[in-house]
Every structure is written in structure tokens, then in C-alpha cells.
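1. got a sequence here, can you model it:
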Amino acid sequence: MILTSEGYSQTNDNQLFIIKNIKNYKKWLTNKPDSGILPLKTMISPVYSEVPYQTKENFTGQVLYHKHSFWVTKEAGEKLKLVQDSLKTLGLSLYFFDTYRPYAATVKMWKIVSDDRYAANPANGSGHNRGVSVDVSLAEIKTGKPLQMPTGFDNFTDTAHHDFMNLSPEILENRSILKGIMEHFGFRALSTEWWHYSLPDPKRYPLLNIPFKKLRKLQPLH
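-> Here you go, the predicted structure:
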């Protein structure tokens, strides 16, 4: 990978363009001011969550996230708000595992699991790196307690696939509710991971490798 002096990264074949600092991301946003990533907490409430990647309790055995906060594009946030508002009528809430992910974390993940059914190939980048993919479950709105799902987060077995049916009626219903409402509001499910949803055509947005601690500098833009 080539690091340029302008604060961008490019793969050796010059096909993958990555923004790695706030200064250059702000330059990119001057032409698309409504397409930047925003703090999730400014768009939906409540934000129930757990973040395995900020501990060693994840499939890599490494701490991948430091000074973590949840960020998504404005488009994704607006759709997630519609999802959340609809879930509230059922007494439910979204429960977040992951939203925006710096590109460097995608590279580390691929070194551990080089299987594009379960990890994004850095050669293509991830929807998480663009702020348009989310890893979510469901929780009770009153307590924030997660509902039962087919597996835990980042379970790389057939049981996590959407077409796996050897599950209790309750779990099948919970998975179906999540998938139905996410797809209704414009997200697409990943067939091998019940928790992963993305907006279509993610390449409308740039790949980012901006650390979480630096993202707060974006907030004056919005």
C-alpha cells in the first residue's frame, strides 16, 4: 500500500482510494456536505450497545478500537431512526455492535479470518469503512436487555446464516423481525451473518481510515 503526502492511501494498483485524516475528509465533504459520517447518538435514541472490538474479547484476540464511538453516514442514520421508531412500537430497540470501522481494523480482521463470507477483503474495503454498514441485534426498549438470536456476535458457523432454520420459534421470530424491519427501510442483509446490514451501492461513499479519537473534529461541520 502506498501512503501519499496528501493524507490519502492507495493500493499498489491505484484502484482503492482511502482517506486517512480529517483535513482531507473535510475537503472531500466540500462537494458533498450532506454525505459525511455523524455520531449515531445525535440521530437515534436510545443507543443500546456492546463493543467487543474495544476489548480483547473478539475473534482477533486484539483490542481493535480505542476511544470508540458509533458513527454512520447521514443517510444510514436517517434510515436507522426510522427502524428505531418502528421498533419502539413493538417495545423493542436496536442493539449495536459496530458501525463505522477504520480501514486499518479491516486489514487486521482479514489476517485472522481470510474468508469473505465473514470478513471484508481489504482489497475491496468494507461498508463499515464507509459508514454504511451496521452490526445490530434487538433489545427490550425498557431494559436494554438483548433478545435471543441464533448465535452470539461474530459467530462464523452455519448457525449464523439467515437460512439456518434449526432454531427455536422465538429465535426465528427475533431474527425475522430484525431482518424484515431493516430491509423495509432500505438495508440489505448479509446471508452469512444475521447481525450485518448495509446500504446498497456503498461505493458512493469514500473508504476512511480515520481513528475514532479524531472524528470529534468533524462535529463542527454539522
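2. might one say that I210 is in contact with I18?
-> No: the pair I210 / I18 is not scored as a contact, 9.7 Å apart, by Cβ atoms under 8 Å. (C-beta placed from N, C-alpha, C; glycine too.)
3. three-state assignment of D135?
-> strand (DSSP: H, G, I helix; E, B strand; the rest coil).
4. all helices for the protein, in order.
-> Listed in chain order, the helices of the chain (DSSP state H) span 22-29, 74-88, 103-112, 127-130, 169-184, 212-215.
5. deepest-packed of the ones you listed, please.
-> Greatest average neighbour count among the helices of the chain goes to helix 127-130 (a mean of 26), per mean count of other Cβ atoms under 10 Å.
6. tell me what that helix is packed against?
-> helix 103-112, strand 207-208 (3 or more Cβ pairs under 8 Å, 6 or more residues apart in numbering; DSSP states H and E).
7. now it: mean pLDDT?
-> Helix 127-130 carries an average pLDDT of 98.
8. list the contacts for Y118?
-> Counting by Cβ atoms under 8 Å, 6 or more residues apart in numbering, Y118 makes contact with 154, 156, 192-193.
9. about what we covered before: what would the helices of the chain look like in a markdown table with distance to Y205?
-> Below are these laid out as a markdown table (distance: least, Cβ to Cβ, whole Å):
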| stretch | distance to Y205 |
| --- | --- |
| helix 22-29 | 10 |
| helix 74-88 | 9 |
| helix 103-112 | 13 |
| helix 127-130 | 4 |
| helix 169-184 | 19 |
| helix 212-215 | 15 |
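10. on that earlier part again, out of the helices and strands packed on helix 127-130, which comes closest to M43?
-> strand 207-208 (18.1 Å; Cβ to Cβ).
11. partner strands of the closest one, with direction?
-> Applying DSSP bridges, strand 207-208 is found paired with strand 17-19 (parallel).
12. ok so, going back, S45: which of the helices and strands packed on helix 127-130 is closest?
-> strand 207-208 (24.8 Å).
13. what sits up against that closest one?
-> For strand 207-208, contacts defined as Cβ under 8 Å, 6+ apart pick out 16-20, 25, 37, 100, 102-103, 125, 129-131.
14. can I get the residues you listed in CSV with distance to P146?
-> Below are the contacts of strand 207-208 laid out as CSV (distance: Cβ to Cβ, whole Å):
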residue, distance to P146
L16, 35
F17, 37
I18, 33
I19, 34
K20, 34
Y25, 33
I37, 25
Y100, 21
P102, 25
Y103, 28
G125, 29
N129, 26
R130, 26
G131, 23
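15. pick out the most distant pair among these.
-> Using Cβ to Cβ for every pair in these, the one that comes out farthest apart is L16 and I37, at 18.7 Å.
16. these two: who's more crowded?
-> Taking neighbours as other Cβ atoms under 10 Å, L16 and I37 compare with I37 leading, 25 against 16.
17. if anything else comes up later, I'll come back, but that's it for now.
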